[in-house]
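K.L.:
this is a predicted model, with the sequence first.
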Amino acid sequence: MSMKKKILFVATGGTISTERDDAIQGYISKRTGEELLSGLALRDVRVETIDFRKINSPYMTPLDMLELGGLLRDNLHRKEIAGAVVTHGTATLEETAFLLDLLLATRKPVVLTGAQRPASARWPDGPANLAAAFRIACDPAAVDQGVLVAFAERIFAGREAQKVHSTALEAFAGQEVGFVYPDRVVIAGTRRDRSCLRWPAAELPAVDILPFYSGADGKYFRTALGSGVAGLVVEGLAMGNVNKAYYDGIKEVRKAGLTVVLTTRCPHGRVIPFYGYPGGGASLKDLGVVFGGSLPSAKARLLLILALAAGYAPGELPALFDSL
């Protein structure tokens, strides 16, 4: 009987699978999961491949991410599956990794990876990233670490990973928990206190992001009310501050019953109810705005979508966001 671990490989498209299409004068996702595996010298592992999607990651939606999560959840329950590797476009990889880490209550490793260079490039980075992801998924140290992101030999916690460069091979940053060396995988961190959300039981609601910028007016709040969204993420400045026009817009949508989450456009730091002028964080807290901690706006949006769909009560949301 073979002692090789069996790893589920789920391909979703992205740059790692792209080839140039002369008809459109650009690159597009083409290669299947089996084609991505071709040429990889994977040892001591058996692979079961599923082609989930073949799309470029800007087309990935929260519903796609949730369906991917359901596929992983169902297959990771199988005793013979030791872990999973997912290839994904880098543009929204951080959002998918965040959503999956919020939902997948499994001890088995789940590793996301992708590429910055097309599969048909002369020196593609995808094969090395994919081989590293399989090594991580097979390593005992990856057990009970939640969802991980493997890129350019570095290993990141899925909740904190963020794409920080548009073209560099070392495209991701965040909470680095390990490294892939030529002779071994080293994972030094531990995430055994990771908590997961209840699985959404309802249709995913619409939530939009409204970024604040100097001189912004409140017209988009009126648009949001007319479009039927269930919630908004307002990306403020610094510790979470906006102007009077945005304050009035937030007040209007709050009166209409919309949930509003506040984030900051700063790449580091948390939102804090500090300033008391109309639009300052303290005034927004008085309106019942939920403070998004240090979450980037895109991730705060996904958390709000999942929380609303899972039936979290409004009173539960501040503590939920504060815990991440």
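P.N.:
In hand now; what should we look at?
K.L.:
for the chain, what's the longest strand?
P.N.:
Ranked by residue count, the top strand of the chain under DSSP state E comes out as strand 45-55.
K.L.:
paired strands for it, with orientation please.
P.N.:
strand 5-13 (parallel) (DSSP bridges).
K.L.:
just the CA coordinates of the partner strand, formatted as CSV?
P.N.:
What follows is strand 5-13, C-alpha atoms only, in CSV (Å, rounded to 0.1, in the frame of the first residue of the first chain):
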residue,chain,number,x,y,z
LYS,A,5,-0.1,11.6,0.6
LYS,A,6,-3.0,12.4,-1.6
ILE,A,7,-3.4,16.1,-2.3
LEU,A,8,-6.4,17.7,-3.9
PHE,A,9,-5.3,20.2,-6.6
VAL,A,10,-7.9,22.8,-7.7
ALA,A,11,-7.1,25.0,-10.6
THR,A,12,-9.1,28.3,-11.0
GLY,A,13,-7.2,30.0,-13.8
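K.L.:
chain center to the helix or strand hosting R301, what's the gap?
P.N.:
For R301, the enclosing helix or strand under DSSP states H and E is helix 297-309. Centroid separation for helix 297-309 versus its chain: 11 Å, with Cα atoms, centre = their mean, to the nearest Å.
K.L.:
who are the packing partners of that helix?
P.N.:
In this structure, helix 297-309 packs against helix 62-76, helix 93-103, strand 207-211, strand 231-236, strand 259-264, helix 317-322, with contacts taken as 3 or more Cβ pairs under 8 Å, 6 or more residues apart in numbering; DSSP states H and E. Every C-beta, even on glycine, is put in place using the N, C-alpha and C of the backbone.
K.L.:
can you list the residues that contact whichever helix or strand comes after the second one?
P.N.:
As assigned by DSSP H and E, the chain's next helix or strand after helix 93-103 is strand 110-113. Defining contact as Cβ atoms under 8 Å, 6 or more residues apart in numbering, one finds that strand 110-113 is touched by 16, 72, 76, 83-88, 93, 96-97, 100, 104, 129-130, 132-134, 136-137, 142, 146-151, 158.
K.L.:
what lines up beside strand 110-113 in the sheet?
P.N.:
Strand pairing (DSSP bridges) places strand 110-113 next to strand 81-87 (parallel), strand 147-151 (parallel).
K.L.:
in JSON lines, list these along with mean neighbour count.
P.N.:
Putting those into JSON lines (neighbours: other Cβ atoms under 10 Å) gives the following:
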{"stretch": "strand 81-87", "mean neighbour count": "25"}
{"stretch": "strand 147-151", "mean neighbour count": "29"}
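K.L.:
which residues touch the longest strand of the chain?
P.N.:
2, 4-14, 17, 29-30, 32-34, 37, 60, 64, 67-68, 71, 75, 81, 89, 134, 138.
K.L.:
restricted to buried residues, select those residues in PyMOL.
P.N.:
To isolate the buried members of the contacts of strand 45-55 in PyMOL, using 16 or more other Cβ atoms under 10 Å:
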select buried, resi 5+6+7+8+9+10+11+12+13+14+17+29+30+33+37+60+64+68+71+75+81+89+134+138
